[in-house]
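**Student:** Attaching a predicted model along with its sequence, questions to come.
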Amino acid sequence: MSFPLLTAVAALPAIGAVATAAVPAARRTAAKWLALAVSLATLVLAAVVAFRFDPGGDRYQLTESHTWIADFGVRYELGVDGIGVALIALTALLIPFVVLAGWHDADPLEGTEPDRRWRPTQGFFALILAVEAMVIISFAATDVFLFYVFFEAMLIPMYFLIGGFGDRAGARDEGEAAKQRSYAAVKFLLYNLAGGLVMLAAVIGLYAVTADQLGEGTFSLQAIVEARASGELTMAQNTERLLFLGFFLAFAVKAPLWPLHTWLPNAMGESTAPVAVLITAVVDKVGTFAMLRFCLGLFPEASAWATPVVLALALVSIVYGALLAIGQRDIKRLIAYASISHFGFIVLGIFAMTSQGQGGATLYMVNHGISTAALMLVAGFLISRRGSRLIADYGGVQKVAPVLAGTFLIGGLATLSLPGLAPFVSEFLVLVGTFTRYPAAGIVATFGIVLAALYVLVLYQRTMTGPVGPGVERMPDLRKRELAVVAPLIALLILLGVFPKPLTDIVNPAVEHTLSDVQKTDPDPEVEAAK
Amino acid sequence: MSTTTELTLRAQEMIPAPDIEYGQLAPVLIVIGAAVVGVLIEAFVPRRARYTAQALLAGLALASAFAAVVGLAAAGRATTEAGLVAMGALAVDGPALFLQGVILLVSLVALLTFAERRLDPRAHGRHVDSFAAEGAAVPGGEGEKAAVRAGFTTTEVYPLLLFAVGGMLVFPAANDLLTLFIALEVFSLPLYVLCALARRKRLMSQEAALKYFLLGAFSSAFLLFGIALLYGYAGSVKYADIASVIADTNRGTTEALAGTTGNDVLLLIGGALLVMGLLFKVGAVPFHMWTPDVYQGAPTPVTGFMAAATKVAAFGALLRLLYVVLPGLTWDWRPVMWGVAIVSMLAGAVIAITQTDVKRLLAYSSIAHAGFILAGVIAATPSGISSVLFYLAAYSFVTLGAFAVVTLVRDAGGEATHLSKWAGLGRRSPLVAAVFAVFLLAFAGIPLTSGFAGKFAVFKAAAEGGAGALVVVGVIASAIAAFFYIRVIVLMFFSEPKVEGPSVAVPSPLTTTAIAVGVAVTLVLGVAPQYFLDLASQAGVFAR
Amino acid sequence: METLIGLLVAAPLLGAAVLLCGGRRLDRTGHWIGTALAAASFLLGAVLFADMLGREAGDRTLSQHLFSWIPVGGFQADVAFRLDQLSMTFVLLITGVGTLIHVYSIGYMEHDERRRRFFGYLNLFLAAMLLLVLADNYLLLYAGWEGVGLASYLLIGFWQHKPSAATAAKKAFIVNRVGDIGLSIAIMIMFTTFGTFAFSPVLESVGETGEGTATAIGLMLLLAACGKSAQVPLQSWLGDAMEGPTPVSALIHAATMVTAGVYLIVRSGAIFDAAPTAQTAVVTVGAVTLLFGAIVGCAKDDIKKVLAGSTMSQIGYMVLAAGLGPIGYAFAIMHLVTHGFFKAGLFLGAGSVMHGMNDEVDMRRYGGLRKYMPITFATFGLGYLAIIGFPGLSGFFSKDKIIEAAFAKGGAEGWILGGAALLGAALTAFYMTRVMLMTFFGEERWRNAPTPSPKEPSVEPAAETGGEYEVPHPHESPKSMTVPMIVLAFGSVFAGGLFSWGEAFVHWLEPVVPFEHGHPPVSALTVTAATVVALLIGVGAAWLQYGRKPVPALAPRGSLLTRAARRDLLQDDFNHVVLVKPGEYLTRGLVYLDHKVVDGAVNGTAAAVGGLSGRSRRIQNGYARSYAVSMLGGAAVLVAATLLMRAV
Amino acid sequence: MNPVNYLYLAALLFTIGASGVLLRRNAIVVFMSVELMLNAANLALVAFSRLHGNLDGQIIAFFTMVVAAAEVVVGLAIIVTIFRSRHSASVDDASLMKL
């Protein structure tokens, strides 16, 4: 029994969360440093995972397996394939920046020294770490039930993060802001909970099916996949489709896919920038990840059956999200809709069922995480300076705060996937991967890149260029802490944009496995070109 | 020879001297005995000493009864040695022992909240609990004032509690209709009285008692009539006999009985009335309407006890009835139960949304949960039984805990149960709010809480039992239900505290323990339910 | 040798990195670093060029594989360079002109506190442009393609505090993006068809696929070219791009970047050869644009915008030539190079004029400047002669060849194209003469303040003249600015002749760019004569209009065509009506829809459940007896249902 | 006569009792109606006991009486307290808690 590395990666932040929460009220700063230290330690462990992972090896590695709830056929089964590794790495990577960026977000308002028992700061960072732990577990879970448990459970800390620590720059007066916040939080929770409960029904159904055919019910992904491969387990067409829908719905809410997206702009708009990053860059990835791992893995036929519809939805998301982003007045909501558009790309890539598409989608998850983090966090810094989320309240920032403007621009360029920055690689892969099998879809999606250019550049022009706007005159440029957050992210964007090979090497084999699950192979080129 | 002497003669040979397995009846006997002793204490022990004496006695009794249950279980009475005792009046088998165990534990915890006397401000320098100084006195009248001044407390609640527990112990174990009926009354009557004994808001408390009593009596009348009909159908009230009559084909013994014996109409009507009597206790729609009012009016510790223990006992009896007596009628009762379950889940969840009183809110949520449990009952499989057992265990502790927390939030008028007063509780006392949030999340069935494990078990059983549709409805209902649980959490954490808002009383170790136990069980059953699931599944077989 | 190729790109890239991340401490030295690295990469180019000449025509192609960029399944994108005669030509042009313009900018941007960043952007542009022409596969080319787009975005919007500049930059980028759709789709088709998108395999095996595919790819590439090279219908951004500092206009929007489209078409010649339809499209676009640009050029009063129109039109020539296939490719490139020289020179001249005239760009506020800035006048004049194709100068050789080739296309098509080209030549002569006369001859219209102009939509606000009008003191520019102009002037005089000396240029390119002699229906001499005649007509017309009678300081209302031309032939109005407005309505509509319908559905459901709850709780009316009723009813239902179950 | 008639009588009494519960306001009367229902059940039990010729029914009847008595005790206690605090024994007056 080797050292349970994956458990450790998840357990570390969990323990850290408890410890942080336990820090006494007076020692606020200590809590922050503790949280930062824990997140960094987690990053180190995640790095170890990444290095211990052998792309050429088995599909799932670093596996752990213990019975958990025998009656439900539930096992505590962990294991990572390349996709899991990539996303765990992403999560572990982003959290330190989230912590650092949110350094002052949960400080008590000036003047109001809270009573001893109410410790928002500790709670804030503890919750962030808790989310990290749960996300990592769900990326590593190879047992459907185990995954589901954390898929659902992570809603609670997220819910408190959104509702409890809203964007103070948000609304006019605190009461109004609080109303908006709790609306956003409740909407987030209920939306995802509803999706999750539908999934619960499907999970139970899955158990019933396996119990019916394999003698005893199981949730082990590998077991089910093998059983299906060997023909022991055959699902009736309709059953499989229903179950698929149950799963897919939950993931589509999480992802989020049009028309189940409306919770995201509220959630991202009302929460602080770091939390918004947590939502869109980390937590939502669980949804797309799960489509890739569970929807395709468990229900290949149904996935093939649903593909046309899903592709259509993805395309709608891409265009719709971009158009709405153009129409936004609120910086953070704009970024939220941009994310919806990007999630459209990810889903498109996943269901294109080609190695480029799915590889691209996986890269997309990572790159979108980083780029959105960069853009959103800089936007957060900007907003915290001016105290307003409205684009109209800005102008000419680049004159007073060139570095801030510059980083914002780079973040934006990443978002519109400029070559040389990471998102280009993934976006182009998704497009090509889609085009090879569904040319029409590929072409439609390609128009997304123009719209992306529109919303990013319009945003940049309105906020950063032109004559210096009122309230912007003496806006300070990025501070050291803020630079420490943004610079590494940008460096990563460039690195992964120029030399993504290490990532693709890890991801490719996993994608091949997934494709073999759905018995799909890349279409051959029409002409075998002279090499 | 006249018919009477003939009858008596026959009676003599029919009625042998009963032999009673006292050992196996120990749990019941201990509790009832203690209750009797309690009454004597009321009679003879001086007032000052009563509280201590009663509380200790009750605690002791319940604990030892639980020990006895454990002993029996250890002796294999739950599995291999399961059988009928007291001339087949009672069954000592898995479900019975499991449920008795749960009931006893629940009542132990409830007892702690009963005995709590730090919450109410001291009256004339004396600690007082949440029960009326003198139940009989007119609210606000001279008599009451005098009683308060004299520092009276209604220590009768302990014997009453014990009687109720005794009845509840018998209820799920009852193996003939008569015992069932008696047990029902034995645990109902004390509850009626307990409901009337609130220290604050006495008018509401009395009203609750009245409603509960009248409707309870009404329902037990139905139950009794159902019993009569079933007796008429089978000529016996023993479960086994009835079952066999239902099962065997050659019906009718004598010409005279041809009209009645084995007459399915009798059977069906009787069964329906019987089931209705039980559904009333369970609080399933449309027999639920007493629940909100009684839950709100009764003293909160009693509400907690009632909500938890009564459900356990009643569902136990229902299970036994459906699985032992009426298995032959599965195809008759199942569809009906489907209906009841669906209506209960939906109505409970929907109506709860607009509630403004915590206790009423919990009442409606308990209705919804009754629906969920029924979904497991309907499964009509061993896994169905065990899932229900597990759910009951999980649910009862969450309920207890929740109501215990409710007792802590108080203002000048006693407990501040109006939701608006809970605004910003999370800021005032994060811990209490967090604990309550945990219970709410458990009610909502969020993973890693016992609520989720239970819900999963039940739905799983239902799905396997071919009640997939029920699962879907259940899921929808849970989604709706989630809304109002979340609403309370929002209220506690995300809204600004009211200036004149309630304060959170610092309880004595008693209530603290009660709540702690509730939280512990909630989390343990949520994270590592395996052991208890095993227990439940071992206990999943009825003795016939 | 191969290893040097990478350095070509690396040098300016390094410069960009250093200058942009370096921070204020580099403000004093930044421009030197930038210029030095540009020069370094030019020297590298020269070395490689020498080396290339050293080997015989057969194996002059160098290639360098740096690393595998995006390997996913069959999709293998490498970072690999290919240096052949074609790319070498560009390398020299880019680095050469680039270096000159760096030097020029040292003087031109002297008083701008953000000069360091300016040089950073220029270096970034060089790097991207070199990447574009050195890439050995379409994806890497695409990277460079967007890279130059970015650089151009940054440089057009360099004076971001001017809203007009910011808008122009955004417009340029977005229009280019539209073109990029073409390029990326083309790449996708290539990958789907050939399983690769590296130059050689694709171009070699393009014959094996159907003409349909080739046409599709061709048209997509053309779309891309239109975006980058400001060809109709994606031409609208170039005029506004003049908001950028003049050196930028010279380097990016005259000499190099805008010609990338031509490079793309010529590079993909094989594909177009396999797709006649696509070729027709190309020549059409070319012909239309060369006229379009010329007409616009005739009407503008803003000197830079005239030059912009002229650029458009000259590139039209190149595209036209490139569309003619093997008979045109070489000349397209040749014209591209010569154009690089004289157009850059002209822009620098314009810049020098503005420099001396308080950044005034309205030619109607110039006049008689030749005695104040002789060098500028001389260099500009030579550039002028070159561009109108005055016999013996660069423009003459390159343009004349294109016109010949156009006729040589044969048939009606040939006549139309040739005619268009001739007409273009005449127009070119007209508007360039106009510029010369209005700027350097005639009376000095800048001496007295401008009378407030009537509502004249055409005249864009010139550079902000703060407060009341102070009379400019025209003066010659510093050395750092004049020297590059002189160098470029030499280029514009001799390059053409040099290249045409025994068709040296054609043969130099031949190994990579197929060439065959076109056979015009009439003798080459006739064509040349016609060209000269056209040019004389143009010059004459211009002299009649602007040389003989004084130029009004305020633009006369002018004919309908003139006014349309001033508004860039209504291109923006067209886009506004057809794209922008509907787009705005669409987005607004969607925002409303998202809020009211998509989100409304959710909130509606919640509200509905709430309402249901509110109603149904009334059942709980507090009366015990009504509870009893419900119980009784329930019991009845229960009994009935049970009996019913048995009945059925 | 045919003992089955007693059953019909029992059913009748039960119905009367039930409707009494529903129709009468006075708690005492309501309660009496409940008692009536119980006795209806008793009658049925006895009748069945006669039909089956075994004593179970009668025994149950005895038990029922005892239970009924107990119910009276508790019930009257509650009703009386209510009456004393409200000066009314009307069931409908006790409707503080609703909705």
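**Tutor:** All right, it came through fine.

**Student:** check contacts around the closest residue to chain A within chain D.
**Tutor:** When CB to the nearest CB is the measure, chain D has its nearest residue to chain A at residue D:99, with 23.6 Å between them. (Each C-beta comes from the backbone N, C-alpha and C, glycine too.) By CB atoms under 8 Å, 6 or more residues apart in numbering or on different chains, the contact set of residue D:99 is C:617, C:618, C:620, C:621, C:622.

**Student:** Around the fourth one, how many other residues sit close by?
**Tutor:** The burial count assigned to residue C:621 is 14, neighbours taken as other CB atoms under 10 Å in any protein chain shown.

**Student:** Quick check: closest non-adjacent residue to it.
**Tutor:** Nearest residue to residue C:621, sequence neighbours excluded (CB to CB, 6 or more residues apart in numbering or on different chains): residue D:98, at 5.5 Å.

**Student:** what do you get for residue D:32?
**Tutor:** Nearest one to residue D:32, counting by CB to CB, 6+ apart, is residue D:20 at 7.4 Å.

**Student:** The one you found: neighbour count?
**Tutor:** The local packing of residue D:20 (other CB under 10 Å) involves 18 other residues.

**Student:** Where does pLDDT dip in chain D?
**Tutor:** D:1 (pLDDT under 70).

**Student:** Could you list the contact residues of it toward chain C?
**Tutor:** Proximity of chain D to chain C (CB under 8 Å from any CB of the partner chain) is limited to residues D:18, D:21-23, D:25, D:30, D:91-92, D:94-99.

**Student:** Return the subset of the residues you listed lying in strands.
**Tutor:** Judged by DSSP state E, strands contain none of the residues of chain D next to chain C.

**Student:** Out of those, which end up buried?
**Tutor:** Buried members of the residues of chain D next to chain C, counted by 16 or more other CB atoms under 10 Å in any protein chain shown: D:18, D:21, D:22, D:30, D:91, D:94, D:95, D:97, D:99.

**Student:** In JSON lines, list those along with distance to residue A:80.
**Tutor:** Below are these laid out as JSON lines (distance: CB to CB, whole Å):
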{"residue": "D:18", "distance to residue A:80": "67"}
{"residue": "D:21", "distance to residue A:80": "67"}
{"residue": "D:22", "distance to residue A:80": "67"}
{"residue": "D:30", "distance to residue A:80": "69"}
{"residue": "D:91", "distance to residue A:80": "67"}
{"residue": "D:94", "distance to residue A:80": "64"}
{"residue": "D:95", "distance to residue A:80": "62"}
{"residue": "D:97", "distance to residue A:80": "56"}
{"residue": "D:99", "distance to residue A:80": "54"}
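
**Student:** circling back to that earlier point, list the contacts of the residue nearest to residue D:32.
**Tutor:** D:29, D:30, D:32, D:33, D:36.

**Student:** Quick one: end-to-end distance for stretch A:456-473.
**Tutor:** Stretch A:456-473 has an end-to-end distance of 23 Å (criterion: CA to CA, to the nearest Å).

**Student:** how about it: buried residues?
**Tutor:** Neighbour counts over stretch A:456-473 (16+ other CB under 10 Å) mark A:456-466, A:468-469, A:472 as buried.

**Student:** so for that stretch, what's the average pLDDT?
**Tutor:** In this model, stretch A:456-473 has a mean pLDDT of 89.

**Student:** what's it in contact with?
**Tutor:** For stretch A:456-473, the external contacting residues (CB under 8 Å, 6+ apart) are A:326, A:331, A:334, A:338, A:382, A:386, A:388, A:391-400, A:405, A:408-409, A:412-413, A:415-416, C:153, C:157, C:160-163, C:165-167, C:170, C:173-174.

**Student:** Report the mean confidence score over stretch A:357-366.
**Tutor:** Throughout stretch A:357-366, pLDDT has a mean value of 94.

**Student:** returning to that earlier point: of all the buried residues of stretch A:456-473, which two lie farthest apart?
**Tutor:** Using CB to CB, the pair of the buried residues of stretch A:456-473 lying farthest apart is A:456 and A:468, separated by 21.4 Å.

**Student:** Packing partners of whichever strand or helix holds residue B:165?
**Tutor:** Per DSSP states H and E, residue B:165 falls inside helix B:157-173. Here helix B:157-173 touches helix B:22-44, helix B:47-74, strand B:90-92, helix B:94-115, helix B:177-195, helix B:300-305, helix B:311-320, going by 3 or more CB pairs under 8 Å, 6 or more residues apart in numbering or on different chains; DSSP states H and E.

**Student:** again, only this time at 7 Å
**Tutor:** helix B:22-44, helix B:47-74, strand B:90-92, helix B:94-115, helix B:177-195, helix B:311-320 (3 or more CB pairs under 7 Å, 6 or more residues apart in numbering or on different chains; DSSP states H and E).

**Student:** To chain D, which of these lies closest?
**Tutor:** Of those, nearest to chain D by CB to the nearest CB is helix B:177-195, at 4.8 Å.

**Student:** Mind listing residues that contact the closest one?
**Tutor:** Applying CB atoms under 7 Å, 6 or more residues apart in numbering or on different chains, the contact partners of helix B:177-195 are B:89-90, B:157, B:160, B:163-164, B:166-168, B:170-171, B:174, B:205, B:208-209, B:212-213, B:216, B:220, B:223-224, B:227, B:230-231, B:237, B:294, B:297-298, B:302, B:306, B:313, B:317, D:60, D:63, D:67, D:70-71, D:74, D:78.

**Student:** any idea of the mean pLDDT in that helix?
**Tutor:** 94.

**Student:** could you dump that helix to PDB, C-alpha only?
**Tutor:** Extracted C-alpha coordinates of helix B:177-195, given in PDB (Å, rounded to 0.1, in the frame of the first residue of the first chain):
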ATOM      1  CA  LEU B 177     -54.100  -5.600  16.600                       C
ATOM      2  CA  LEU B 178     -55.200  -5.300  20.200                       C
ATOM      3  CA  THR B 179     -51.700  -4.700  21.500                       C
ATOM      4  CA  LEU B 180     -51.200  -2.300  18.600                       C
ATOM      5  CA  PHE B 181     -54.300  -0.300  19.700                       C
ATOM      6  CA  ILE B 182     -53.400  -0.300  23.400                       C
ATOM      7  CA  ALA B 183     -49.800   0.800  22.700                       C
ATOM      8  CA  LEU B 184     -51.100   3.500  20.500                       C
ATOM      9  CA  GLU B 185     -53.300   4.900  23.300                       C
ATOM     10  CA  VAL B 186     -50.600   4.300  25.900                       C
ATOM     11  CA  PHE B 187     -48.200   6.600  24.100                       C
ATOM     12  CA  SER B 188     -50.800   9.000  22.800                       C
ATOM     13  CA  LEU B 189     -52.500  10.000  26.000                       C
ATOM     14  CA  PRO B 190     -49.300  11.200  27.800                       C
ATOM     15  CA  LEU B 191     -48.400  13.100  24.700                       C
ATOM     16  CA  TYR B 192     -51.700  14.900  24.700                       C
ATOM     17  CA  VAL B 193     -51.100  16.000  28.200                       C
ATOM     18  CA  LEU B 194     -47.500  16.900  27.600                       C
ATOM     19  CA  CYS B 195     -48.500  19.200  24.800                       C
END
